[in-house]
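Engineer: attaching a predicted model along with its sequence, questions to come.
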Amino acid sequence: MKIRDYHAHLYYHRGNIEEARTLAVELGRLYPVPVGTFHEKKVGPHPVWSCQLTLTNELFASVIPWLILNHGTVDLFIHPNTGDDLADHRDHVMWIGKSYDLNLDIF
């Protein structure tokens, strides 16, 4: 099994969506990290509002420590992309802040 890249999903709500946007802007200023759509609804397996960041293997070691220290009230769900979506979202995960139960039935 090989890790192609990683997804870091920002988890937020109405009360801290602007903090999540600011976090993404600052991260983008420091690192070349593509920022996805800021969803204001549940999408895919995610139980709360979310936005996907894609991290290359090379950036992982720099970006994750930065997120640990700067996430504020925004929680993050992080997983590798290996091609096995169920295992990537169930077995190979990291959390920054609070953890949540995902809707894994879609896999």
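Structural biologist: On my side now, so go ahead.
Engineer: contacting residues for H9?
Structural biologist: Counting by C-beta atoms under 8 Å, 6 or more residues apart in numbering, H9 touches H46, S50, C51, Q52, L53, L76, F77, I78. For the C-beta atoms, the positions are set from N, CA and C on the backbone; glycine is no exception.
Engineer: doesn't the fifth one belong to a strand?
Structural biologist: Yes. Judged by DSSP: H, G, I helix; E, B strand; the rest coil, L53 forms part of a strand.
Engineer: I figured it hits A24, correct?
Structural biologist: Yes. Counting by C-beta atoms under 8 Å, L53 does reach A24; the two are 7.0 Å apart.
Engineer: so what sits against both of these two?
Structural biologist: Common contacts of L53 and A24 (C-beta under 8 Å, 6+ apart): L10, V35.
Engineer: more neighbours: which of these two?
Structural biologist: A direct count of neighbours by other C-beta atoms under 10 Å for L53 and A24 places L53 higher, at 23 against 18.
Engineer: grab the nearest non-local neighbour of the residue located most distally from the centre of the chain.
Structural biologist: Going by C-alpha atoms, centre = their mean, the residue of the chain most distant from its centre is M1, 21.1 Å out. What sits nearest to M1 in space, not counting adjacent residues and going by C-beta to C-beta, 6 or more residues apart in numbering, is T82, at 5.0 Å.
Engineer: so that neighbour touches K2, yeah?
Structural biologist: Yes. Taking contacts as C-beta under 8 Å, T82 lies within contact range of K2: 6.5 Å.
Engineer: who has more neighbours, those two?
Structural biologist: Neighbour totals were compared for T82 and K2, and T82 leads with 14 against 8 (other C-beta under 10 Å).
Engineer: residues in contact with that one?
Structural biologist: M1, K2, I3, R4, D88, H92.
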